[in-house]
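*Asks:* predicted model, plus sequence, below.
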Amino acid sequence: MGENLLQIKNLSVDFNVGDGMLSAVHDLSFDIDRGSVYALVGESGCGKTTSAYSVMRLLDESTAAVSGKILFKDNDLLKLNSRSMEDVRGREIGMIFQNPLDSLNPVYRSGFQVAEAIMIDKIGRQKAWERVIDLYRQVQIPDSRRRAQSFPHELSGGMRQRVMIAMMLSRRPELLICDEPTTALDVTIEAQILDIIKDLKSGFNTAFLMITHNFGIVAEIADRIGVMYAGELVEEGDVFTVFDNPTHPYTKALLRALPRQSKKQGLLKTIEGVVPRILGSFQGCRFENRCVHARELCRQSAPSLRQLEQGHFIRCHGEVE
């Protein structure tokens, strides 16, 4: 085990939606070590992005009730004042958002936007610009000087994603949160982005929180996996254990839904139903209405996260075949 960089303990997030408090994240706990990649996977609406926004303190505090602890280098981020949290964002924790075109200002050249982040640390304009060119090279942007002068709309989706990675790396954060970093990219560019992430992990000992629904990405770069469902962590383990020995019914269903290598392996399996919208208190297992193994205990009592073996956890009343 490495040194813990981020520790999330019993994190819960509830949103005031007018007709009650919507449970978006419930009792979430996991650790990320320095230089490791932790992947949060699950369907849309399972609370993955909300968890990441909680770490960055980007949720609207007037509508979101957040409880628990988010320890970054043993300091609870939830207890920091706004000024102290601003010092953490970018400098120590960076985040790459899902759609880079939405994250970049269309009226400013891409390199200027990266340079702005660098100049926050009181670095001169010329030195910052040279740093931008160096960062563009690090993230494999060809013809770096010319691309730094380009506007976002003049860059491809893959280039814009690399610009966002360069921006987040500009202040050399120790933790980088990636929210679906390869969405809408073709497989060739996706592979290049993953290579960049691997290089950052090995070269700079950067830790990553990877939010994705793509198990191919998880298998490629993750060290540990957390499977989320309806705001809860339902299974957690190292990448080999979860892929070789999935235990929670939801994890098994997700893996059965992956594309097959040949037609002979049959049609893709689907998970009937949708992720529930949980308002107020909830009794029972959140996956119960979609689980083929559900029994009365599952309807009456919420399971707790328990350890099956060293480093492998599951939130389920019983191991199912």
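*Replies:* Structure received.
*Asks:* what bridges to the residue most central in space within the chain?
*Replies:* Central residue of the chain (CA atoms, centre = their mean): Ile211, 2.6 Å from the mean position. Note on Ile211: beta-bridge partners Leu40, Asp179, judged by DSSP bridges.
*Asks:* list the contacts for it?
*Replies:* Counting by CB atoms under 8 Å, 6 or more residues apart in numbering, Ile211 touches Ala39, Leu40, Lys48, Thr49, Ser51, Ala52, Ile177, Cys178, Asp179, Glu180. All C-beta spots, glycine's among them, are computed from the backbone N, C-alpha and C.
*Asks:* swap in Phe112?
*Replies:* The contact partners of Phe112, by CB under 8 Å, 6+ apart, come to none.
*Asks:* and the helices in the stretch 1-150 of the chain, which stretches?
*Replies:* 48-56, 82-88, 100-103, 110-119, 125-138, 144-148 (DSSP state H, counting those that start in this stretch).
*Asks:* likewise for the stretch 151-300 of the chain?
*Replies:* In the stretch 151-300 of the chain, the segments counted as helices under DSSP H, counting those that start in this stretch are 157-169, 187-204, 215-221, 239-244, 249-256, 296-300.
*Asks:* so which of those helices is the most packed in?
*Replies:* Highest mean neighbour count among the helices of the stretch 151-300 of the chain (mean count of other CB atoms under 10 Å): helix 157-169, with a mean of 24.
*Asks:* let's see stretch 139-151 as CSV, backbone CA atoms only.
*Replies:* Extracted in CSV, the C-alpha atoms of stretch 139-151 (Å, rounded to 0.1, in the frame of the first residue of the first chain):
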residue,chain,number,x,y,z
VAL,A,139,0.8,16.4,-23.7
GLN,A,140,1.8,15.6,-27.3
ILE,A,141,0.3,18.6,-29.1
PRO,A,142,2.2,18.9,-32.4
ASP,A,143,3.5,22.3,-33.6
SER,A,144,3.0,23.6,-30.1
ARG,A,145,3.8,27.3,-30.7
ARG,A,146,1.2,27.6,-33.4
ARG,A,147,-1.4,25.6,-31.6
ALA,A,148,-1.0,27.8,-28.5
GLN,A,149,-2.1,30.7,-30.7
SER,A,150,-5.2,28.9,-31.9
PHE,A,151,-8.7,29.5,-30.6
